[in-house]
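Asks: Have a look; sequence and predicted model below, questions after that.
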Amino acid sequence: VQLVGSGGGMVQPGGSLRLSCAASGFTFSSYDMSWVRQAPGKGPEWVSTIWTSGGSTFYADSVKGRFTISRDNAKNTLYLQMNSLKPEDTALYYCARRSISREYDYWGQGTQVTVSS
């Protein structure tokens, strides 16, 4: 199993970024997927989850209305579109596979997002 995140970078407040997570080594379409972030000096924070077919999505209150999670099962890729970025969105963003027991059993390597003027 491999999850490879990309798309992070530095952006000014109000800007946008799109994160991608390329999955391999398992049947991507059979698993719920999530994004989790960790800001410097803080614990992990769940950001968003998408169910297998993409028909249901869930967001933390802190990002609701600004972030959009999506997936392309044909391309084995998970996405996170982030708009109206704020400095408090600065963090290392991880994609994670959610197991049947709803625990995260595999994680990407993390991609850095920095929001600063």
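Replies: Done, it's in. Here the structure is a predicted model, which is why all the values come from computation and not from measurement. Numbering: from 1, shown residues only.

Asks: Can you get me a residue count around Arg98?
Replies: For Arg98, the neighbour count with other C-beta atoms under 10 Å is 18. Placement of C-beta: from N, CA and C, glycine included.

Asks: I figured it was touching Val36, is that so?
Replies: No - between Arg98 and Val36 no contact is recorded; they are 10.3 Å apart, counting by C-beta atoms under 8 Å.

Asks: Quick check, central residue of this protein?
Replies: Residue closest to the mean C-alpha point of the chain, counted by C-alpha atoms, centre = their mean, is Trp35 at 2.9 Å.

Asks: Quickly list what's touching both of Arg98 and Val36.
Replies: Shared contacts of Arg98 and Val36, defined by C-beta atoms under 8 Å, 6 or more residues apart in numbering, are found at Tyr104.

Asks: Which stretches in the protein count as strands?
Replies: Secondary structure of the chain, counting by DSSP state E: strands at 2-6, 9-11, 17-24, 32-38, 44-50, 57-59, 67-72, 77-82, 91-98, 104-107, 111-115.

Asks: The second one pairs with which strands?
Replies: Strand 9-11 pairs in its sheet with strand 111-115 (parallel), by DSSP bridges.
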